[in-house]
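1. sequence first, then the predicted structure:
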Amino acid sequence: MKIHLNQVQDLAGFAIENTLGGKSVKVLTRSLLTSDDPDFYLYSEKISDIFFNKILISPNMVHQFLVVIHFDLSADLFINDFNTSLEVKVKKDIQKGVAVIHDDIADIRKVKFPDIEITGTDKIIYCFKVGWRFGLFFDLATHAQTINTPPGMLIEKLDLDRMSLSIGDIYRYLSFYHVYKTLEAESKFKEIIKDGWFPFIEIIGTEFKLLTEIYHDRFDFQNRVERVLSNFTQERINKIIGKWWNSNIFADKKELIEAGITAYLEDSQFGHINCIKNLWSEIEGILRSIYHVDTGKGNNVKSTDLISHIINKAKNKSGSDYSLLLPLPFLDYLNDVIFANFNIEVGDVALSRNSSCHGVADVNQYTKTRALQLILVLDQIYYCG
């Protein structure tokens with residue numbers, strides 16, 4: 001449904017404080033909100049009063065809408081059935097026309113409106129539903145004028161690329177709500193990463209959701225974790241590592257890495273030990289090779305420098321601290337879990353690159369779970385690099 005309105009109010013934004021007439025007031029001109037935020041309901045109701053009441057449409061009928069306010073203060077209102085497109089990164093090769101499922105997505109970058117013309121002189125309000133939650137984006141700063149601004153002159157144009165990225169940020173958050181809410185629940189997230197798990201790209205869909213449920217309710221804990229592990233068949237493992245060889249850095253270490261993968265697929269205690277012993281060193285080797293290729297340096301480089309470098313690459317590659325690569329949480333994970341230090345004197349000897357390579361970790365820590373986690377760490381590094 002598209003409705004054209006010849007004349008609408010020149011919305012400048014929403015007041016974020018009370019003030020008396022004749023006094024200054026702070027106005028929110030651009031924002032990203034979800035239905036978790038109480039302000040979502042305040043702003044959406046005001047928007048509904050301005051637009052839907054005028055055209056006698058009940059908000060109960062609406063699951064998404066887009067308002068495009070033009071420079072001449074005419075507006076186009078699109079309701080429910082209009083096309084949107086996502087710019088996503090996928091985990092596997094995708095052919096045109098093939099359905100893309102949730103578990104295929106490695107990241108969501110942008111949301112666009114392919115059939116709707118939006119220009120730099122427009123103002124935008126977009127509200128949409130993902131699952132049982134809503135997102136709201138508005139950018140009302142465009143062509144805001146003062147008494148000293150010449151008629152027709154723009155103070156600020158609508159940045160269309162930033163708009164698409166911003167809406168993509170909300171869409172990503174709502175689509176992977178279980179991931180971001182787990183990160184926000186710090187105590188629960190620490191409990192998960194203490195056991196070596198992380199929202200790895202490979203598992204951010206189904207498996208990580210299952211893991212968060214397992215850690216929320218520990219009933220039959222180990223058997224439920226085993227069921228997650230059982231999803232990683234030889235076929236799936238081969239699909240995960242198959243893309244790694246597209247990287248020259250990974251390809252140069254193919255035989256070494258495959259030795260660890262083969263050990264994992266033996267599915268025995270000895271196999272898990274050999275896999276872990278192998279992949280610890282190759283994780284550091286991959287990080288060091290990436291660092292060397294990018295900087296020309298490689299000697300006397302601390303692990304913290306290697307980690308910082310791959311995290312910066314991830315941030316630059318995704319364009320966001322909050323992409324599904326989760327660069328900042330992954331920084332902490334690499335430092336606090338993968339490259340964690342140990343202290344024999346106080347009995348702090350969790351399995352890590354350092355405790356394993358120095359031979360002080362207990363043999364009972366060399367589990368199938370930890371071996372799989374190291375494969376997933378290498379996969380995460382592949383996406384970051």
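-> The structure has been received and is ready for your questions. Numbering: from 1, shown residues only.
2. which residue ranges make up each domain of the chain?
-> For the chain, automatic domain parsing gives the domain ranges 2-175, 178-384.
3. now do Thr146, the pLDDT please.
-> Note on Thr146: pLDDT of 47.
4. sorry, back to before: got JSON lines for the domains of the chain, with mean neighbour count too?
-> All C-beta atoms are positioned from the backbone trio N, CA, C, and that covers glycine. Formatted as JSON lines, these follow (neighbours: other C-beta atoms under 10 Å):
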{"stretch": "domain 2-175", "mean neighbour count": "15"}
{"stretch": "domain 178-384", "mean neighbour count": "17"}
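5. ranking those by mean pLDDT, which is last?
-> When I compare those, domain 2-175 is least confident, with a mean of 88.
6. distance between the ends of it?
-> 26 Å (C-alpha to C-alpha, to the nearest Å).
7. repeat for stretch 340-360
-> Per C-alpha to C-alpha, the first residue of stretch 340-360 is 13 Å away from its last.
8. who touches that stretch?
-> The contact list for stretch 340-360, computed with C-beta atoms under 8 Å, 6 or more residues apart in numbering, reads 196, 276-277, 280-281, 283-284, 303, 337-339, 361-362, 365-366, 370.
9. so which of the residues you listed belong to strands?
-> Per DSSP state E, strands hold no members of these.
10. ok, now which ones touch the most centrally placed residue in the chain?
-> By C-alpha atoms, centre = their mean, the chain has its centre lying nearest to Leu324, at 2.3 Å. Leu324 makes contacts with Ile105, Ala106, Asp107, Ile108, Arg172, Phe176, Val179, Pro199, Ile201, Ile204, Ser318, as judged by C-beta under 8 Å, 6+ apart.
11. before we move on, what about Thr262?
-> Contacts for Thr262 were tallied using C-beta under 8 Å, 6+ apart; there are none.
12. could you rerun that using 10 Å?
-> Gly271, Asn274, Cys275, Asn278 (C-beta atoms under 10 Å, 6 or more residues apart in numbering).
13. same check on Val62?
-> So Val62 contacts Met1, Ser44, Ser48, Phe52, Ile79, Asn80, Cys127, Lys129 (C-beta under 10 Å, 6+ apart).
14. what's the farthest-apart pair in these?
-> Met1 and Ser44 (18.2 Å; C-beta to C-beta).
15. all strands of the protein, in order?
-> Assigned by DSSP E, the chain shows strands spanning 2-5, 14-15, 27-28, 30-34, 65-69, 75-79, 85-90, 105-112, 123-130, 133-139.
16. right, and Ile69 touches Tyr126 too?
-> No. Contact criterion C-beta atoms under 10 Å: Ile69 and Tyr126 do not qualify, at 11.9 Å.
17. ok, and the closest non-adjacent residue to Ser58?
-> Phe52 (7.4 Å; C-beta to C-beta, 6 or more residues apart in numbering).
18. residues touching the one you found, list them.
-> Phe52 neighbours (C-beta under 10 Å, 6+ apart): Ile3, Glu45, Ser58, Pro59, Met61, Val62, Phe65, Leu77, Ile79.
19. how about the third one, phi and psi?
-> Backbone torsions of Ser58, given as degrees, to the nearest 10, read phi -80, psi 130.
20. ok, it touching Ile79?
-> No. Counting by C-beta under 10 Å, Ser58 stays clear of Ile79, with 11.1 Å between them.
21. and the spatially closest residue to Asn231 that is not a sequence neighbour, how far is that from Asn312?
-> Nearest non-adjacent residue to Asn231, counting by C-beta to C-beta, 6+ apart: Glu207, 6.3 Å away. Distance, Glu207 to Asn312, by C-beta to C-beta, to the nearest Å: 28 Å.
22. what's the answer for Leu334, then?
-> 13 Å.
23. which residues are in contact with both of these two?
-> Cys384.
24. so which residues of the stretch 251-385 of the chain form helices?
-> 254-265, 269-295, 303-318, 327-333, 353-357, 368-384 (DSSP state H, counting those that start in this stretch).
25. between these, which one is closest to Lys112.
-> Of the helices of the stretch 251-385 of the chain, nearest to Lys112 by C-beta to C-beta is helix 303-318, at 17.7 Å.
26. any idea how far that closest one is from the middle of the chain?
-> Relative to the centre of its chain, helix 303-318 is centred 16 Å away, using C-alpha atoms, centre = their mean, to the nearest Å.
27. format the CA atom coordinates belonging to that helix as CSV.
-> Output of helix 303-318 as CSV, limited to C-alpha atoms (Å, rounded to 0.1, in the frame of the first residue of the first chain):
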residue,chain,number,x,y,z
SER,A,303,50.4,-12.5,21.4
THR,A,304,48.5,-9.4,22.5
ASP,A,305,49.7,-7.6,19.4
LEU,A,306,48.6,-10.5,17.2
ILE,A,307,45.2,-10.4,18.8
SER,A,308,44.8,-6.7,18.5
HIS,A,309,45.8,-6.8,14.8
ILE,A,310,43.2,-9.5,13.9
ILE,A,311,40.5,-7.6,15.8
ASN,A,312,41.2,-4.4,14.0
LYS,A,313,41.0,-6.2,10.7
ALA,A,314,37.6,-7.6,11.8
LYS,A,315,36.3,-4.1,12.7
ASN,A,316,37.5,-2.6,9.4
LYS,A,317,36.2,-5.5,7.4
SER,A,318,32.7,-5.4,8.9
